[in-house]
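Engineer: sequence and predicted structure are below.
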Amino acid sequence: ADEEIHGILFWQVKAMLLANAENNAKAAGLNPFVYQKSKSFLSNYKPGEVEDISWKLVSLYHDARRGIIDFGSALEKFILEV
């Protein structure tokens, strides 16, 4: 379940990054509803903050795969920090 939760979080962050980079849903490759919701979520973050979250999620996943960290504990810590 930890990987499922991570996947959902990463999908949303990716959608937010795509929505921020493009002017419309078609150009972003997103469903219009997902595009609008992602655009609205961006107002909760400072510029550059979503990119940092994306990098943290990627690092968390790779560190867990390498055995550096416990995936469940690290994911919980990440969620509580965001």
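Structural biologist: Perfect, I can see it now. No experiment lies behind these values; they were computed from the predicted model shown.

Engineer: residue 20 contacts residue 50, doesn't it?
Structural biologist: Yes: with contacts counted by C-beta atoms under 8 Å, residue 20 reaches residue 50, the gap being 6.9 Å. Placement of C-beta: from N, CA and C, glycine included.

Engineer: what's in contact with the helix ranked longest in the chain?
Structural biologist: Using DSSP state H, we find that the single longest helix of the chain is helix 2-21. Residues outside helix 2-21 that contact it (C-beta atoms under 8 Å, 6 or more residues apart in numbering): 28-30, 34-35, 38-39, 41-42, 45, 50-51, 53-54, 57-58, 60-61, 71-72, 75, 79.

Engineer: that one: what's the following helix or strand?
Structural biologist: As assigned by DSSP states H and E, the chain's next helix or strand after helix 2-21 is helix 25-28.

Engineer: elements contacting the helix or strand following that next one?
Structural biologist: Downstream of helix 25-28, the next assigned helix or strand under DSSP H and E is helix 32-42. Of the remaining helices and strands, those touching helix 32-42 by 3 or more C-beta pairs under 8 Å, 6 or more residues apart in numbering; DSSP states H and E are helix 2-21, helix 25-28.

Engineer: can you put those in TSV and add distance to residue 67?
Structural biologist: What follows is the helices and strands packed on helix 32-42, written out as TSV (distance: least, C-beta to C-beta, whole Å):
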stretch	distance to residue 67
helix 2-21	14
helix 25-28	36
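
Engineer: show the pLDDT at residue 1.
Structural biologist: Looking at residue 1, its pLDDT reads 88.
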